[in-house]
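> Below are the sequence and a predicted model; questions follow.
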Amino acid sequence: MEHDRLNSPSTSSITLEVLGHQLQFSQDPNSKHLGTTVWDASMVFVKFLEKNCRKGRFCPSKLKGKRVIELGAGCGVAGFGMALLGCEVVATDQIEVVPLLMRNVERNTSRITQMDTNSVSFGSIKVAELDWGNQDQIRAVEPPFDYIIGTDVVYAEHLLEPLLQTVFALSGPKTTILMGYEIRSTSVHEQMHDMWKRNFEVKIVPKAKMDSKYQHPSIQLYIMGLKPPAGSIENMTRRIDQQANEVETDSETPKEDDNGGNSKDMNDTDYCSNEKAQEDCELAMRLPKAKLNDWEARRLGSMAARLLRDVKIS
Ligand SMILES: C[S@@+](CC[C@H](N)C(=O)[O-])C[C@H]1O[C@@H](n2cnc3c(N)ncnc32)[C@H](O)[C@@H]1O
């Protein structure tokens with residue numbers, strides 16, 4: 001699985017300001033597990049929440065007390081975004097990731113509740129082991145949830161079906177699913193998109209609704225609701241439209257180019273000719289002149305990882 005790892009952590013922790021709080025997430029540079037790194041889509045996700053929480057569906061008065069489950073939480077960044085807006089969050093992952101996730105949750109919870117005066121809307125966040133498809137673990141977290149969230153959990157074909165089945169098992173008729181991820185393989189992306197469109201009403205968050213700094217053409221955010229049983233389609237469509245309009249999403253599949261997709265997988269040979277990579281390449285061209293901010297530096301690291309992906313040093 002190591003070859004899928006594009007965000008190799010070179011530091012043992014990252015600091016991210018979210019809703020006025022300095023959150024600190026430990027990573028494990030020595031671990032080969034994907035969950036011990038903070039992935040860029042999780043930052044795009046929390047910064048999107050931050051930008052859209054003043055009014056509409058993501059404001060604390062609407063989210064207070066909502067039950068949220070994060071799947072494949074890794075270091076727990078996305079879950080913290082929801083907890084800071086008042087939700088009761090269960091951050092879940094595989095057993096190998098749970099100790100680091102627990103440390104990140106405990107450390108940031110105590111920072112928020114003890115050190116900051118600005119924690120009035122903070123809900124709660126706890127950790128549970130959940131391997132997708134494990135029925136006992138699914139029952140133990142007591143579904144259904146109001147929100148199911150996940151960032152960068154779509155990256156391998158064999159995980160699509162267990163992830164979908166887990167989302168179904170955790171959902172009730174009113175559950176909203178929020179997903180964010182970076183497109184790395186067009187074929188996995190297309191399969192996932194077909195699967196989601198068959199089962200959910202899918203809305204794509206337009207770039208204009210994301211934080212102006214924390215976005216990238218290859219990172220997308222989705223807001224979804226389960227498709228209703230036949231007969232109640234009108235009500236359901238109305239509900240999702242109403243929810244999605246509060247953040248003005250794009251409906252339907254994005255045009256291929258919007259989606260960053262050309263027909264090829266994104267590999268090291270096509271990466272710099274791909275439109276999605278253009279922004280990274282422009283960034284690289286500015287390098288001698290510009291001082292990079294933290295996000296730009298991350299994105300350049302990601303580009304370098306892609307380009308070096310198949311380079312074998314003998
Ligand atoms: C690329 S990482 C993303 C981590 C985190 N969400 C982020 O955005 O920083 C993918 C995550 O999915 C989790 N994952 C992969 N397969 C899983 C499975 N079968 N059950 C539960 N979690 C899984 C991994 O442990 C890892 O934490």
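Alright, I've got the coordinates. Note that the structure is a prediction, hence the values are computed from the model and not measured.

> what about the strands in the stretch 101-250 of the chain?
124-129, 147-151, 176-182, 200-204, 219-226, 250-251 (DSSP state E, counting those that start in this stretch).

> Next one: the longest one, is it in contact with the ligand?
No - under the criterion of CB under 6 Å from any ligand atom, strand 219-226 makes no contact with the ligand; the nearest approach is 10.5 Å. No exception for glycine: its C-beta is placed from N, CA and C like everyone else's.

> how distant is that strand from the center of its chain?
Put simply, strand 219-226 sits 10 Å off its chain's centre (CA atoms, centre = their mean, to the nearest Å).

> if we can go back for a sec, may I see the strands of the stretch 101-250 of the chain arranged in CSV, with mean pLDDT and mean neighbour count as well?
CSV is the format used below for those (pLDDT from 0 to 100; neighbours: other CB atoms under 10 Å):
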stretch, mean pLDDT, mean neighbour count
strand 124-129, 98, 19
strand 147-151, 98, 25
strand 176-182, 96, 24
strand 200-204, 96, 22
strand 219-226, 95, 22
strand 250-251, 59, 15
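
> For S302, which of these is the nearest?
When the strands of the stretch 101-250 of the chain are compared by CB to CB, strand 176-182 sits nearest S302, at 8.0 Å.

> end-to-end on stretch 149-156?
Across its full length, stretch 149-156 reaches 18 Å between end residues, using CA to CA, to the nearest Å.

> cool, stretch 44-60 as well?
19 Å.

> quick one: it near the ligand?
No - residues of stretch 44-60 are not located near the ligand by CB under 6 Å from any ligand atom, the shortest gap being 7.7 Å.

> Check what contacts that stretch and list those residues.
Stretch 44-60 is contacted from outside by 16, 18-19, 62-63, 77-78, 80-82, 85-86, 121, 149, 151, 178, 180, 205, 209-211, 213-216, 219, 221, 243, 246-247, using CB atoms under 8 Å, 6 or more residues apart in numbering.

> Which ones among these lie within helices?
Within the contacts of stretch 44-60, residues falling in helices by DSSP state H are 62-63, 77-78, 80-82, 243.

> can you narrow those residues to ones near the ligand?
By CB under 6 Å from any ligand atom, the members of the ones in helices among the contacts of stretch 44-60 lying near the ligand are V77.

> Closest to H158 out of the ones in helices among the contacts of stretch 44-60?
When the ones in helices among the contacts of stretch 44-60 are compared against H158 (criterion: CB to CB), the nearest one is A78, at 22.7 Å.

> from what I can see that closest one touches I148, true?
No - taking contacts as CB atoms under 8 Å, A78 lies outside contact range of I148: 11.1 Å.

> before we move on, the earlier item: I'd like the strands of the stretch 101-250 of the chain as CSV, with distance to K51 appended.
Formatted as CSV, these follow (distance: least, CB to CB, whole Å):
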stretch, distance to K51
strand 124-129, 21
strand 147-151, 16
strand 176-182, 13
strand 200-204, 16
strand 219-226, 11
strand 250-251, 16
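
> do you know which of these lies nearest L164?
Going by CB to CB, the one of the strands of the stretch 101-250 of the chain nearest L164 is strand 200-204, 9.5 Å.

> Show me what the closest one pairs with in its sheet, parallel or antiparallel.
strand 219-226 (antiparallel), strand 250-251 (antiparallel) (DSSP bridges).

> residues from the stretch 151-300 of the chain in reach of the ligand?
For the stretch 151-300 of the chain, the residues in contact with the ligand (CB under 6 Å from any ligand atom) are 151-153, 155, 159, 162.

> Restrict the ones in helices among the contacts of stretch 44-60 to the buried ones and give me that as a PyMOL selection.
PyMOL command restricting the ones in helices among the contacts of stretch 44-60 to the buried ones, with burial defined by 16 or more other CB atoms under 10 Å:
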select buried, resi 63+77+78+80+81+82+243
